[in-house]
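In: sharing a sequence plus its predicted fold:
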Amino acid sequence: MDVRPGRDEELSRLFEAHYADTVRLGFYLTGSWAVGEDLAQEAFVRLWRRWGRLHDHHAALGYLRTTVVNLSRSALRRRLLELRHQRIIGEEGHDIDPVARLDVARALAALLARKRACVTWSTCRWRRPPRSSAFRPAA
């Protein structure tokens, strides 16, 4: 680990100048501000750990961006794996495509709250409630 006195000051300046852009990159890649913040923080931690091994300290910004991109790929792969393992059966009796489900969720998240409520309400309005013995009329 590099213990040069200027390391912390350089990283601090880099953090102040580029943290918001790094979070924004994480958001654009994942669609979630919370995940974007996590990715940016993890990227800065990894840069801090590897600071002494960087050949050119001016390449630190490129290292940060590359780290965020790689971490976002891992996060998305993990999320898709979770979606694939969930057993979601549609009304037609077949599995819903997890990638399509994620696309719909992202599209809904991009809408304003009122529009999202309208789309969700109009979609739910036409769906039939689940059939169970509790909802069947008495014979």
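Out: That came in fine, so what should we check first?

In: and for Leu25, the neighbour number?
Out: Residues lying near Leu25 (other Cβ atoms under 10 Å) number 20. From N, CA and C alone the C-beta is placed, and that goes for glycine too.

In: gap between it and Ala75?
Out: Noted for Leu25: a distance of 13 Å to Ala75, by Cβ to Cβ, to the nearest Å.

In: what does Leu83 give?
Out: Note on Leu83: its distance to Ala75, by Cβ to Cβ, is 13 Å.

In: out of these two, which sits in the more crowded spot?
Out: Ala75 (19 against 16).

In: that one: helix or strand, and which one exactly?
Out: Element membership of Ala75, judged by DSSP states H and E, is helix 60-85.

In: my guess is Phe15 contacts Phe44, does it?
Out: Yes - the pair Phe15 and Phe44 qualifies as a contact (Cβ atoms under 8 Å) at a distance of 6.1 Å.

In: comparing those two, which shows the higher neighbour count?
Out: Phe44 (20 against 16).

In: and the nearest residue to Ser72 once chain neighbours are set aside, how many neighbours?
Out: Counting by Cβ to Cβ, 6 or more residues apart in numbering, Ser72 lies nearest to Leu29, which is 3.8 Å off, once chain neighbours are set aside. By other Cβ under 10 Å, 18 other residues sit near Leu29.

In: cool, and Arg53?
Out: Residue neighbour count, defined by other Cβ under 10 Å, stands at 8 for Arg53.

In: look up phi and psi at it.
Out: As for Arg53, its main-chain torsions (degrees, to the nearest 10) stand at phi -90, psi -10.

In: mind listing what's buried along stretch 29-45?
Out: In terms of neighbour count (16 or more other Cβ atoms under 10 Å), stretch 29-45 has its buried residues at Leu29, Thr30, Gly31, Ser32, Val35, Gly36, Asp38, Leu39, Ala40, Ala43, Phe44.

In: closest to Arg65 out of those?
Out: Set against Arg65, the nearest of the buried residues of stretch 29-45 by Cβ to Cβ is Ala43 (8.1 Å).

In: how about the nearest residue to that closest one, chain neighbours excluded?
Out: Nearest non-adjacent residue to Ala43 (Cβ to Cβ, 6+ apart): Thr67, at 4.0 Å.
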